[in-house]
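> got a predicted structure here, sequence first:
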Amino acid sequence: MEAIEVTGLRKTYGGRDAVAGIDLVVARGEIFALLGPNGAGKTTTVEILEGHRRRSAGDVRVLGEDPGRAGSAWRARIGIVLQDADDAADLTVHEMVRHIAGFYPDPRTSDEVIELVGLGAKRNAKIRTLSGGQRRRVDVALGIVGRPELLFLDEPTTGFDPEARRRFWDLIRTLAGDGTTILLTTHYLDEAEALADRLAVMAGGGIVAEGTPATLGGRGAGQARVSWMDGGTARTEQVSDPSDLIRGLVASGADLSTLTITRPTLEDTYLNLIGAQR
Amino acid sequence: MSTLAMSASRGWIEILMFLRDRTAVIFTFFFPALLLLLFGTIFGSESTGSGVAVSRVFTASMIAYGILNTAFVTMGAGLAMDREDGTLKRLRGTPMPATAYLIGKALLVLALSVAEAAVLILLGVLVFDMPLPADAAHWLTFGWIFLLAVIACSMLGVAVSGLVKNARNAGAILNVPVVALQFVSGVFIHPMSQLPDWLENVASLFPVRWMAQGFRYVFLPDEAQAGEIGGTWQLGTVAMALGVWCVIGLVLCLVTFRWSGRDK
């Protein structure tokens, strides 16, 4: 059984499609990233999968159940990391984590989770006093305290400093290594590239491309760009396979110390994909 | 954890968060006590037509104001805030049932209301020499009026919270009906017969008048009922008015309650 199966999902607001009939499959144990600009329909999609929002049409199965009808036993198996929560400001990190842990049948201990997200030193600090990045780590702690089979992360690293992001990525890999399925939305392409097994790009309410970070949008078969200096003038050629070109250059005795070969980055591919949609 | 245990856990965390919010503690809790001290001291030496010290009348009536604060305002502002800061969204994503959240809020309101009534009664006894009722019948009456008042005010608070667009303004918005009703319902201005007839009639549609009148029955001697409209305590009408408001509150709750501030 897949973790998430979506067919023809549609969400309409006042006659306009926020999500315009998408299909999506996320396998068990996979890290799946949903990319896309603001207003692409990512958050709406994720909130429907979480059971926070009703859908207008389509078939949705999350851990084998319809999130629109699923009860508390189902919610015990998912974890949600909120994007912009501001709650429990007057509680300490430990108090809040322990409180939420109490709602799950087989939770991690508060101290274990606080260590996992790297907030050990802030265990007894009021949540109000934390920095933005630390606050988000509390959200992560609350999302994973129930040992979810499936974890939803909606733009989790917004406001993190680079070091905190790296540590967060390690945490996600650890969770995935333990078999947790992860659905991630993000603005950061390096984050998707570093973490995701597979990803999909949303734009204008639809999925415009789907693949692995290496193959997305024909990136694997993309044109290589070869540049070198030829007697003082810069030369550039676009080829799908640079082998013959390089052999020719070697034979011609060109100055290869200036040779560069570049392929489109994930960011180039992504910008192309969402640009084509506009 | 059972639903009961989750409700208790919510109740405890609600009380903990309330006590750590100093502004809420002062405004909800000590403001009625401060007003009682002021009113009681300023007008305390006067007595009503039936010879009861005005400070005692204020003490009894002010319990109604206290309950409006601890039930109506706490519930209304608290729920608006929980919608806005993500509390409700977070809880909705856990296995905790909605009933546990609502019971938790009810426990907070009940604890605050009991404490508020205790503070006001204690002030009345210590500062204004108000004698406590000696017989069980008066305390029993206090019990049912108190419970009906807390239930009705809490549910109306839940219902009104849906109208609040921005949680930061909730306290101010909710206090408009609260303060206005104090003036027309015999809490700040007693006896009510000083009001124009039409205003008396309008005030009688709302629960505050009946709460205050009921508490005056409990804490004032029987001859003080001459100061009430119609010259009697009208306990039957008090029960009916508060009961009807409980039902109206429940219906409004069921119709207007939503987990989120946004349209889904």
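Alright, I've got the coordinates. Numbering: from 1, shown residues only, chains lettered A, B, ... in the order given.
> give the rounded mean pLDDT of stretch B:187-207.
Here stretch B:187-207 scores 87 as its mean pLDDT.
> which residues does residue 100 contact?
Just so you know, I chose chain A. Counting by CB atoms under 8 Å, 6 or more residues apart in numbering or on different chains, residue A:100 makes contact with A:142, A:145, A:146, B:90, B:94. Where C-beta positions appear, they are placed from N, C-alpha and C, glycine not excepted.
> not quite, I wanted chain B
Applying CB under 8 Å, 6+ apart, the residues contacting residue B:100 are B:3, B:6, B:7, B:9, B:10.
> change it to 7 Å
Taking CB atoms under 7 Å, 6 or more residues apart in numbering or on different chains, we find residue B:100 in contact with B:3, B:6, B:7, B:10.
> check the offset of the strand or helix carrying it from the chain's centre.
Using DSSP states H and E, residue B:100 sits within helix B:98-128. Put simply, helix B:98-128 sits 9 Å off its chain's centre (CA atoms, centre = their mean, to the nearest Å).
> and stretch B:26-36, by the same measure?
12 Å.
> quick one, helices of the stretch 51-200 of chain A?
Assigned by DSSP state H, counting those that start in this stretch, the helices in the stretch 51-200 of chain A fall at A:72-75, A:93-101, A:110-116, A:132-144, A:162-177, A:189-195.
> same list (the ones you listed) but as CSV, adding distance to residue B:152 and mean pLDDT.
Shown next, in CSV, are these (distance: least, CB to CB, whole Å; pLDDT from 0 to 100):
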stretch, distance to residue B:152, mean pLDDT
helix A:72-75, 30, 94
helix A:93-101, 30, 96
helix A:110-116, 39, 94
helix A:132-144, 35, 91
helix A:162-177, 48, 89
helix A:189-195, 52, 88
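> in a markdown table: those helices, plus distance to residue A:45.
Below are these laid out as a markdown table (distance: least, CB to CB, whole Å):
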| stretch | distance to residue A:45 |
| --- | --- |
| helix A:72-75 | 18 |
| helix A:93-101 | 25 |
| helix A:110-116 | 27 |
| helix A:132-144 | 18 |
| helix A:162-177 | 20 |
| helix A:189-195 | 16 |
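> residue in chain A nearest to chain B?
residue A:85 (3.1 Å; CB to the nearest CB).
> just to revisit the earlier point, and of the contacts of residue A:100, the nearest to residue A:101?
Nearest to residue A:101 among the contacts of residue A:100: residue A:145, at 4.7 Å, using CB to CB.
> ok, that closest one - how many residues close by?
Look at residue A:145: counted by other CB atoms under 10 Å in any protein chain shown, it has 28 neighbours.
> how about it, phi and psi?
Backbone torsions of residue A:145, given as degrees, to the nearest 10, read phi -70, psi -30.
> can you say which helix or strand has residue A:11 in it?
For residue A:11, the enclosing helix or strand under DSSP H and E is strand A:4-13.
> pull up the gap between residue B:155 and chain A, please.
23 Å (CB to the nearest CB, to the nearest Å).
> what helices and strands are in contact with the least confident helix or strand in chain A by mean pLDDT?
The weakest-scoring helix or strand in chain A, judged by mean pLDDT, DSSP states H and E, is helix A:266-277 (a mean of 75). Under the contact criterion of 3 or more CB pairs under 7 Å, 6 or more residues apart in numbering or on different chains; DSSP states H and E, helix A:266-277 touches helix A:189-195, strand A:198-203, strand A:206-211.
> using PDB, write out the CA atom coordinates for that helix.
The C-alpha trace of helix A:266-277 is given here as PDB (Å, rounded to 0.1, in the frame of the first residue of the first chain):
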ATOM      1  CA  LEU A 266      17.600  22.100 -10.500                       C
ATOM      2  CA  GLU A 267      16.900  25.900 -10.100                       C
ATOM      3  CA  ASP A 268      17.300  26.500 -13.900                       C
ATOM      4  CA  THR A 269      14.900  23.500 -14.600                       C
ATOM      5  CA  TYR A 270      12.500  24.700 -12.000                       C
ATOM      6  CA  LEU A 271      12.400  28.300 -13.300                       C
ATOM      7  CA  ASN A 272      11.800  27.000 -16.800                       C
ATOM      8  CA  LEU A 273       9.000  24.800 -15.600                       C
ATOM      9  CA  ILE A 274       7.100  27.500 -13.700                       C
ATOM     10  CA  GLY A 275       8.000  30.100 -16.400                       C
ATOM     11  CA  ALA A 276       6.400  28.000 -19.100                       C
ATOM     12  CA  GLN A 277       3.200  27.900 -17.000                       C
END
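> ramachandran angles for residue A:67?
Here residue A:67 shows phi and psi, under degrees, to the nearest 10, equal to phi -60, psi -20.
> what's the burial count for residue A:214?
9.
> again but with residue B:37, I slipped
Per other CB under 10 Å, the neighbour tally for residue B:37 reads 18.
> host element of it?
helix B:31-43.
> and the helix or strand just after that helix with helix B:31-43, angle?
Sequence order places helix B:54-67 as the next helix or strand after helix B:31-43, per DSSP H and E. Put simply, helix B:54-67 runs at 160 degrees to helix B:31-43, going by axes from the mean of the first three to the mean of the last three CA atoms, to 10 degrees.
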